[in-house]
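# Here is my input; please provide its structure:
(2 chains)
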Number of protein chains: 2
Amino acid sequence: MVIKNFFNPESIAVIGASNEKEKVGYALMNNLKNFKGKVFPVNIKRKTIQGKKAYKSILNTKEKIDLAIIAIPAQFVKSVLEECGKKQIKAVTIISAGFSEIGNIKEEIELLKIAKKYNIRLLGSNCFGTVNPYINLDTSFSLRTPEKGNIAFIAQSGALWISLVEYSLNKFGFSGYASLGNMIDVDFADCIDYFNKDKNTKVILCYIEALKDGRKFLNSCKKSKKPIVVVKVGRSEAGSRAALSHTGALAGSYEIYKAVFNQGKVIIADSLTEALDKAQFLSEEHIRGSRVIIITNGGGSGVMAADLCGIKNLDVIKLPKKLINKINKFLPYDWSHNNPIDIVGSSSDKEYKKVFLELEKFKKYFDFALIILNQQKMINTKKVAQEIINFRKRTKKGIVAILIGGKEVENASTLLHKNLIPNFFDIDRAVNTLKGMK
Amino acid sequence: MVIKNFFNPESIAVIGASNEKEKVGYALMNNLKNFKGKVFPVNIKRKTIQGKKAYKSILNTKEKIDLAIIAIPAQFVKSVLEECGKKQIKAVTIISAGFSEIGNIKEEIELLKIAKKYNIRLLGSNCFGTVNPYINLDTSFSLRTPEKGNIAFIAQSGALWISLVEYSLNKFGFSGYASLGNMIDVDFADCIDYFNKDKNTKVILCYIEALKDGRKFLNSCKKSKKPIVVVKVGRSEAGSRAALSHTGALAGSYEIYKAVFNQGKVIIADSLTEALDKAQFLSEEHIRGSRVIIITNGGGSGVMAADLCGIKNLDVIKLPKKLINKINKFLPYDWSHNNPIDIVGSSSDKEYKKVFLELEKFKKYFDFALIILNQQKMINTKKVAQEIINFRKRTKKGIVAILIGGKEVENASTLLHKNLIPNFFDIDRAVNTLKGMK
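As a prediction, this is how the structure comes out:
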């Protein structure tokens, strides 16, 4: 599969490589300085680029090249692509802008023709290329390469990536990134197929403005053994209007998209935050379902969580009588006797632990546990976090925590994050992470 | 108005004051040690409590007492309340539990009878009392008294308060708090009336499980000159069930509540986070409306924000032609020419400033500005934050910022927070802050 060349090339040519700091070709070379394969700079004028021998043309290089990255003015792209064909390069990323996004559709059709003639797969144009932190491949313009992780991100938008990488630091890592840009050729389906086989990827995240080929996308989703989370913009008139002026994408009816997503068993997120939260959640355990157990030491927060679960079609299950009787033996008399399991404010980490141990025996009754911790005088929040971690290890259930408090709960939060258990102050965000995962 | 005594007493009696650390009466005395008025401990056995002279009965004190706080076992509350009546105390908080929440409804009716006989207003039972950080009044069991601020919080739940105070530290302060508990007498309407006249309060936040008297509540809301934000639980079957087992509250049909809230021009929040975000937003400027301008340096995030605005019934206005022409003079050619105003990734703080200056001249066209900042190589995020602050000062519009990035945007975030401009990573949360404020 040629698509592999975009993410796992052994040799790269940078066409338009530059010594001038403000040029894209400079940033590209700089971003590739730790790349674990070979890099061949191509520049018609210079003999060396950033200390490396440069080539006048890609045809002057003698070695096999897996991936060519083009970053030269639009009018020269066509002839350079011909040269890539002659050199038998099978994967070409076109970073250059100035095509369909400003109305030059004809030019793109010509590029596609050349690509077909030489059996080339094209990524772009007007894109940020690809990232694979495992081999220090990074042709994007982010401020740094993200940490290694198991979330693959595919998007039309480029700028979003830069800020997402910054956001992800110390939180989660990526297995790869593809910026599709104008999507002349390589599309969501191609990348999904690739990441489905990639050993580092556990979950695939797509930010979609528009799909060009719904059927192809659906087929790839159906084939995928890994969970796919999508966030689709253009759900409202205002959003569709904005998408049109952003990438010229015709967002189309969201209802139709939803039907496609549902058929493909794709997990739909309603916002970028929800998509990222779901991806982090799924990157640890691939658990689907809708049956929720809520454990809390505060009545009010338990009520709010249950309320939101109900609104978002999650099933706040009724507790089996046997379980109620077991729990009744050790919890204070005024516990809720119900789901949410309100262990009440006077309880400590010990009560959390005891409830977890009982729930373990009844684990076939639920898919997810929403664990709420309200900071109180009596409670050691780090110990509770440790019990939550143990609970997940033993049950393999989908667990999300809600921590309500200040400094004291921040330590618990850090500990949970380190163990890849999503946790929030925001009850909404926690419930949104679990919704729509049937 | 007697209700004032609960929030601004000059003298307090603590009935059940204790020297034993694990007792509620100990915590109460301890929490009141910086109280700016007089405190009279009442204890039948001890001569001194925490260094203060103690009284066998409230009737033994000679001075006038504004507020009595009762924290003794339920069975003794009745006779002590009689004594309060004889002492002509007009405001009594019953912290003690063991009444209607465990089925003892009769006892509460008797308490109410005594109160009526002596013209006493009762807060509770089964509550956390009141907090006023301006006079160091704090009968709640939070880990610390919150900072002085201008948000008043009224809630049935108690435990929620503890964690909320922790959450609020370094973010926002409170003008007061009332824990209503079983709501025998003093209710939401009474407290709204009080906070409406309180000079420190700018916005009133209510966490409601159930109302006992909808008409009284509605009248108070209609009279209020200050914005009232409510978050109501029991919107789903699961939530109603949970509320019932929490405080015995019959949540009732959410549709009916919504009708009451809308009539009272109350601002409805769908979650606690949204309620807190809205309260912080309104505590700075009391702006209502639905017309939104979006300014962004990233196309994707602008599209997502516009999309969510559309879904949540906010009006992403079309830009006046004159404004487009003005902006066109200085922004890069590929800016969006539309709302969202995408100034594109190559722009810096200077472009933000220029757009803000133009928008200032067109400020009659919009109510809110949603300003998005994607971290990029070229941008000085702190300078952008400063421009946002200036923009708010000059226009007095409702402004919410979305900062997408890592460490670099955290500094901008801190600066905005210090100037009370709500800002989030989460696009959802920003849009939710503005929705439903017509």
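# Please make it C-alpha for all contacts and neighbour counts, starting now.
OK.
# Might you list the low-confidence residue ranges for chain A?
Of all residues in chain A, those with pLDDT under 70 make up the ranges A:247-251.
# what does the stretch 151-300 of chain A put close to chain B?
Residues of the stretch 151-300 of chain A lying close to chain B (CA under 8 Å from any CA of the partner chain) are A:157-160, A:162-169, A:233-240, A:242-243, A:245-246, A:271-273, A:298-300.
# Quick one: mark the members of those that sit in strands.
Under the assignment DSSP state E, these contribute nothing to strands.
# Of those, which belong to helices?
Within these, residues falling in helices by DSSP state H are A:159-160, A:162-168, A:237-240, A:242-243, A:245-246, A:272-273, A:299-300.
# what sits against residue A:46?
Residues counted as contacts of residue A:46 (CA atoms under 8 Å, 6 or more residues apart in numbering or on different chains) are A:54-56.
# got it, and residue A:201?
Residues A:149-152, A:175-176, A:195 are the ones in contact with residue A:201 under the rule CA under 8 Å, 6+ apart.
# ok so, going back, between the contacts of residue A:46, which has the most around it?
Within the contacts of residue A:46, residue A:54 tops the neighbour count with 25 neighbours, counted by other CA atoms under 10 Å in any protein chain shown.
# Ramachandran angles for that one?
The phi and psi values for residue A:54, taken as degrees, to the nearest 10, are phi -110, psi 160.
# so it sits right up against residue A:47, yeah?
Yes: using CA atoms under 8 Å, residue A:54 is in contact with residue A:47, at 5.1 Å.
# Run through the helices of the stretch 151-300 of chain A in chain order.
Using DSSP state H, counting those that start in this stretch, the helices found in the stretch 151-300 of chain A span residues A:159-168, A:188-197, A:214-223, A:237-247, A:254-263, A:272-284, A:299-311.
# In the fifth one, which residues are buried?
By neighbour count on 16 or more other CA atoms under 10 Å in any protein chain shown, the buried set for helix A:254-263 is A:257, A:260-261.
# follow-up on the earlier one: looking at the contacts of residue A:46, which is nearest chain B?
Within these, the smallest distance to chain B is 26.9 Å, found for residue A:54 (CA to the nearest CA).
# now stretch A:166-180, how far from the chain's geometric center?
Averaged C-alpha coordinates place stretch A:166-180 at 7 Å from its chain's average position (CA atoms, centre = their mean, to the nearest Å).
# gap between the residue of chain A positioned farthest from its centre and chain B?
Residue farthest from the centre of chain A, counting by CA atoms, centre = their mean, is residue A:333 at 44.7 Å. Separation of residue A:333 from chain B (CA to the nearest CA, to the nearest Å) stands at 11 Å.
# How many neighbouring residues does residue A:143 have?
So residue A:143, with other CA under 10 Å, has 15 neighbours.
# nope, residue A:193 is what I meant
20.
# Excluding covalently adjacent residues, which one is nearest to it?
Nearest residue to residue A:193, sequence neighbours excluded (CA to CA, 6 or more residues apart in numbering or on different chains): residue A:220, at 6.0 Å.
# Highest mean neighbour count across the helices of the stretch 151-300 of chain A, which stretch is it?
Among the helices of the stretch 151-300 of chain A, ranked by average contacts under mean count of other CA atoms under 10 Å in any protein chain shown, first place goes to helix A:299-311 (a mean of 27).
# And the contacts of that one?
A:294-296, A:315-316, A:340-342, A:344, A:372, A:427-428, A:431, A:435, B:157-160, B:233-240, B:242-243, B:246, B:271.
# For residue A:104, which non-adjacent residue is spatially closest?
Residue A:104 sits nearest to residue A:98 (CA to CA, 6+ apart), 7.1 Å away.
# Test my guess that that neighbour contacts residue A:107.
No: look at residue A:98 against residue A:107 with CA under 8 Å: they stay out of range, at 9.4 Å.
# Quick check: neighbours shared by the two?
Joint contacts of residue A:98 and residue A:107 (CA under 8 Å, 6+ apart) do not exist.
# can you map out the strands along the stretch 51-200 of chain A?
A:52-53, A:67-70, A:91-94, A:121-124, A:129-132, A:137-138, A:148-155, A:174-179 (DSSP state E, counting those that start in this stretch).
# of all the ones you listed, which lies closest to residue A:205?
Among the strands of the stretch 51-200 of chain A, strand A:148-155 comes nearest to residue A:205, with 4.8 Å by CA to CA.
# partners of that closest one in the sheet?
strand A:174-179 (parallel), strand A:203-208 (parallel) (DSSP bridges).
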